[in-house]
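> This is a predicted model, with the sequence first.
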Amino acid sequence: MGTEKRERQKLNRQQRLTELAAQQRRSTTKKRSLQVVGLVALVLLVVLIFNKTGGDNTSSVASTDTVLDTTSDTAVDTPTDSTAPAATTPVVTAPGATLTGDTKCPVTDGSQARVTKFEKAPPMCIDAAKKYTATFDTTEGTIVVALDTAKTPQTVNNFVTLARYKYYDGTVIFRTDTSIDIIQGGGLTNTDAPGYTIADEGTGYKYVEGDLAMARTGEPNSAGGQWFFVAGPKASALDGQGTYVNFAKVTSGLDVVKNILALSSGSGALGGVPSRNVIINSVTITES
């Protein structure tokens with residue numbers, strides 16, 4: 001009798017242990033299932049966030065290739081498209097020397113060494129009582145201008161000094177804008193500058209065929225070394241744009257100016273570029 005009771009108690013304990021073990025297994029399985037479900041949910045959440053914020057979302061990327069040029073000597077305040085393809089192979093001209101300190105007046109016999117960077121604007125190097133002409137020797141022909149020392153002595157002095165330093169030798173006509181009938185030069189690109197600026201001289205200018213005027217930015221007193229020829233009547237649109245100092249008049253070669261304008265591609269950020277390179281071989285100054 002005692003033996004049967006002990007056997008039953010032993011069996012009951014064994015059953016309870018078996019049931020507890022089964023419960024523990026079910027609990028462990030449930031926890032693992034919940035962990036798996038949680039992990040799957042986390043992965044799905046990450047995928048959802050990535051799809052919303054990542055991927056090929058190019059429409060939100062702004063292009064930085066095109067910038068507004070606020071430093072170049074442009075006849076009108078236009079953006080510079082640094083990515084626009086050139087109509088011709090760019091001309092490469094070795095830079096000249098750099099002058100530091102005060103700028104000295106160059107020699108007048110044509111033997112002056114070439115300088116393309118200056119620390120300071122030049123002093124008065126011309127005699128305003130004399131007459132000055134400039135002869136542009138270009139790959140498209142010769143252009144001669146009479147410089148106006150009576151109305152614009154400071155501007156003429158700057159141009160003559162740069163020409164005598166051979167600053168313009170090997171530069172190009174980089175802009176041919178038929179919308180305002182101008183051709184612009186004074187560097188290899190519209191960002192070239194001598195390293196200083198000069199004050200605007202005079203005001204109320206009107207622009208007609210044959211004029212040679214200083215280019216500048218939209219800011220006053222920002223001209224440096226660039227200039228533009230007026231080739232036709234559309235340049236009158238510049239009359240109210242700002243002070244582009246008229247400092248010379250074409251006396252010979254106006255047909256060359258017009259022929260260069262006719263080479264315009266008619267497109268681009270600057271209104272057009274020549275279809276072939278137009279190089280300024282030299283600018284020679286004559287005084288009398």
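It's in.
> Need the three-state assignment for residue 163.
Per DSSP: H, G, I helix; E, B strand; the rest coil, the secondary structure class of residue 163 is helix.
> My guess is it contacts residue 285. True?
Yes - taking contacts as C-beta atoms under 8 Å, residue 163 lies within contact range of residue 285: 5.2 Å. Yep, even glycine has a C-beta here, placed from its N, CA and C like the rest.
> more crowded one of the two?
Neighbour totals were compared for residue 163 and residue 285, and residue 163 leads with 23 against 20 (other C-beta atoms under 10 Å).
> what's the residue lying closest to that one once chain neighbours are set aside sitting at in phi/psi?
Nearest residue to residue 163, sequence neighbours excluded (C-beta to C-beta, 6 or more residues apart in numbering): residue 283, at 4.2 Å. Backbone torsions for residue 283, taken as degrees, to the nearest 10, come to phi -130, psi 110.
> circling back to that earlier point, and for residue 163 and residue 285, which residues touch both?
Common neighbours of residue 163 and residue 285 (criterion: C-beta atoms under 8 Å, 6 or more residues apart in numbering): residue 134.
> picking up where we left off before, burial count for the residue nearest to residue 163?
24.
> For residue 110, give me its contacts.
164, 284.
> Over to it: give its phi and psi.
phi 90, psi 0.
> Then residue 92?
Main-chain dihedrals, residue 92, degrees, to the nearest 10: phi -110, psi 120.
> May I have stretch 194-203 exported as CSV, CA atoms only?
Extracted C-alpha coordinates of stretch 194-203, given in CSV (Å, rounded to 0.1, in the frame of the first residue of the first chain):
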residue,chain,number,x,y,z
PRO,A,194,44.7,93.3,-64.8
GLY,A,195,44.4,93.1,-61.0
TYR,A,196,42.9,96.6,-60.4
THR,A,197,39.9,98.7,-61.4
ILE,A,198,39.5,102.3,-62.5
ALA,A,199,36.9,104.9,-61.8
ASP,A,200,34.1,105.6,-64.3
GLU,A,201,34.8,108.7,-66.3
GLY,A,202,31.8,110.7,-67.5
THR,A,203,28.2,109.7,-67.6
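> What ranges does the stretch 51-200 of the chain have for its strands?
66-67, 80-81, 97-99, 115-118, 132-138, 141-147, 171-172, 175-177, 182-185 (DSSP state E, counting those that start in this stretch).
> now for the fifth one, which elements pack on it?
Right, the one you point to is strand 132-138. Strand 132-138 sits against strand 141-147, helix 153-164, strand 279-287, with contacts defined as 3 or more C-beta pairs under 8 Å, 6 or more residues apart in numbering; DSSP states H and E.
> Between the ones you listed, which one is closest to residue 250.
Nearest to residue 250, of all the helices and strands packed on strand 132-138, is strand 141-147, at 5.4 Å by C-beta to C-beta.
> What is that closest one packed up against?
Using 3+ C-beta pairs under 8 Å, 6+ apart: strand 141-147 touches strand 132-138, helix 153-164, strand 246-252, helix 254-262.
> make it 10 Å
Strand 141-147 is packed against strand 132-138, helix 153-164, strand 211-214, strand 227-230, strand 246-252, helix 254-262, strand 279-287, with contacts defined by 3 or more C-beta pairs under 10 Å, 6 or more residues apart in numbering; DSSP states H and E.
> Which of the strands of the stretch 51-200 of the chain has the lowest mean pLDDT?
Lowest mean pLDDT within these: strand 66-67, a mean of 23.
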